[in-house]
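1. Coordinates for the following, if possible.
(one chain, ligands or ions: 1)
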Amino acid sequence: MVQEMFFAGSETTSSTIEWAMAELLRQPVSMKKAKDEINQIVGLNRKLEESDTEKMPFLQAVVKETLRLHPPVPLLLPRKAIKETNFMGFDIPKDTQVFVNAWGIGRDPDAWEDPSAFKPERFLGSKIDYKGQNFELIPFGSGRRMCVGLSLADRVLHLGLAKLLYHFDWELGDGLTPETLDMTERVGIAVRKLHPLKVIPKKRSV
Ligand code: HEM
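-> So this is what the prediction gives:
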């Protein structure tokens with residue numbers, strides 16, 4: 001279980017932060033807006049605290065927009081129909097494995113205006129959130145088996161991204177420009193150590 005938590009929690013959050021940075025680097029206007037908001041709240045003479053991110057609506061919108069376009073678990077976890085079901089005109093026999101395409105839902109033109117564009121502004125003044133109540137945005141799933149790490153992920157994403165933006169200015173390397181940055185997706189498992197790290201937990205001496 002501990003191993004599952006590490007896997008489910010680290011690959012998902014780190015790839016979301018990577019996508020957010022890539023999207024912001026492709027859109028310097030959004031990058032500037034996010035940095036300006038952070039600088040305005042934190043100033044220049046103290047550390048950024050977790051609670052600061054609650055006062056950053058644009059940063060929150062960047063996280064939502066990133067998870068809309070780049071849900072790290074695009075098909076959620078598989079379901080199985082426990083009985084024969086008719087869903088929106090489709091007959092689903094008992095025991096059928098069912099996948100929910102959260103990636104497709106996040107880009108559905110019936111639900112989103114200009115769906116493929118990265119526009120954090122669409123969430124400003126909107127009540128749509130990813131807590132499982134708004135079915136057009138379900139990067140963490142919904143219902144009884146939705147992500148148990150949501151509240152931790154929520155904190156890590158906001159704090160991690162805010163810190164990266166607060167402490168550093170970012171530029172693209174390798175002669176890349178916002179127009180040429182590659183956004184191709186790879187679905188797979190993270191690159192891991194060939195020989196797994198084996199560590200022994202010991203009680204901390206105080
Ligand atoms: C950006 C961050 C994350 C995203 C987008 C994400 C997404 C998801 C999704 C889509 C599911 C399946 C939900 C469903 O099928 O309805 C899931 C399940 C799960 N997640 Fe996350 N997750 C994230 C971070 C985390 C973190 C930080 C942890 C733990 C530390 C975690 C632990 C789990 C576990 C244990 C499950 C299985 C829950 C169950 O089957 O009852 N996740 N997550």
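
2. The spatially closest residue to Pro78 that is not a sequence neighbour: neighbour count?
-> Once flanking residues are discounted, Pro78 sits nearest to Gln97: 5.2 Å by CB to CB, 6 or more residues apart in numbering. Just so you know, the C-beta spots here come from the backbone N, C-alpha and C atoms, and that holds for glycine as well. The criterion is other CB atoms under 10 Å. On that basis, Gln97 has 9 neighbouring residues.

3. list the contacts for Gln97?
-> For Gln97, the contact set (CB atoms under 8 Å, 6 or more residues apart in numbering) comprises Pro78, Arg79, Lys80.

4. Same list (the residues you listed) but as TSV, adding neighbour count, pLDDT and secondary structure.
-> Formatted as TSV, the contacts of Gln97 follow (neighbours: other CB atoms under 10 Å; pLDDT from 0 to 100; DSSP: H, G, I helix; E, B strand; the rest coil):
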residue	neighbour count	pLDDT	secondary structure
Pro78	9	92	coil
Arg79	15	93	strand
Lys80	9	95	strand
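
5. what does the chain have sitting close to the ligand?
-> Counting by CB under 6 Å from any ligand atom, the residues of the chain close to the ligand are 4-5, 8-9, 12-13, 16, 71-73, 76-77, 139-142, 145-149, 152-153, 157.

6. pLDDT value on Ile200, please?
-> pLDDT, the model's per-residue confidence, is 44 for Ile200.

7. The one 3 residues further on too?
-> For Lys203, the pLDDT comes out at 46.

8. Counting neighbours, what do you get for the residue nearest to Asn134 when sequence neighbours are not counted?
-> Ranked by CB to CB, 6+ apart and with sequence neighbours excluded, the top spatial neighbour of Asn134 is Ile128, at 4.7 Å. Counted with other CB under 10 Å, residues neighbouring Ile128 total 16.

9. For the helix ranked longest in the chain, name the packing helices and strands.
-> The single longest helix within the chain, with elements called by DSSP state H, is helix 2-26. The contact analysis (3 or more CB pairs under 8 Å, 6 or more residues apart in numbering; DSSP states H and E) places helix 2-26 against helix 28-42, helix 57-69, helix 150-167.

10. any chance of the ones you listed in CSV, plus mean pLDDT and mean neighbour count?
-> Shown next, in CSV, are the helices and strands packed on helix 2-26 (pLDDT from 0 to 100; neighbours: other CB atoms under 10 Å):
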stretch, mean pLDDT, mean neighbour count
helix 28-42, 96, 16
helix 57-69, 98, 22
helix 150-167, 96, 17
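
11. Glu84: which of the ones you listed is closest?
-> Glu84 sits nearest to helix 150-167 of all the helices and strands packed on helix 2-26, at 31.7 Å, using CB to CB.

12. export that closest one as PDB, just CAs?
-> This file holds the C-alpha atoms of helix 150-167, laid out as PDB (Å, rounded to 0.1, in the frame of the first residue of the first chain):
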ATOM      1  CA  LEU A 150      -6.600  14.600  -4.000                       C
ATOM      2  CA  SER A 151      -6.100  17.000  -1.100                       C
ATOM      3  CA  LEU A 152      -2.300  16.200  -0.900                       C
ATOM      4  CA  ALA A 153      -2.000  16.500  -4.700                       C
ATOM      5  CA  ASP A 154      -3.900  19.800  -4.500                       C
ATOM      6  CA  ARG A 155      -1.400  21.200  -2.000                       C
ATOM      7  CA  VAL A 156       1.700  19.900  -3.700                       C
ATOM      8  CA  LEU A 157       0.700  21.100  -7.200                       C
ATOM      9  CA  HIS A 158      -0.100  24.700  -6.000                       C
ATOM     10  CA  LEU A 159       2.900  25.000  -3.700                       C
ATOM     11  CA  GLY A 160       5.300  23.300  -6.000                       C
ATOM     12  CA  LEU A 161       4.400  25.300  -9.000                       C
ATOM     13  CA  ALA A 162       4.200  28.600  -7.000                       C
ATOM     14  CA  LYS A 163       7.700  28.000  -5.600                       C
ATOM     15  CA  LEU A 164       9.200  27.200  -9.100                       C
ATOM     16  CA  LEU A 165       7.600  30.400 -10.400                       C
ATOM     17  CA  TYR A 166       8.500  32.600  -7.400                       C
ATOM     18  CA  HIS A 167      12.200  31.600  -7.100                       C
END
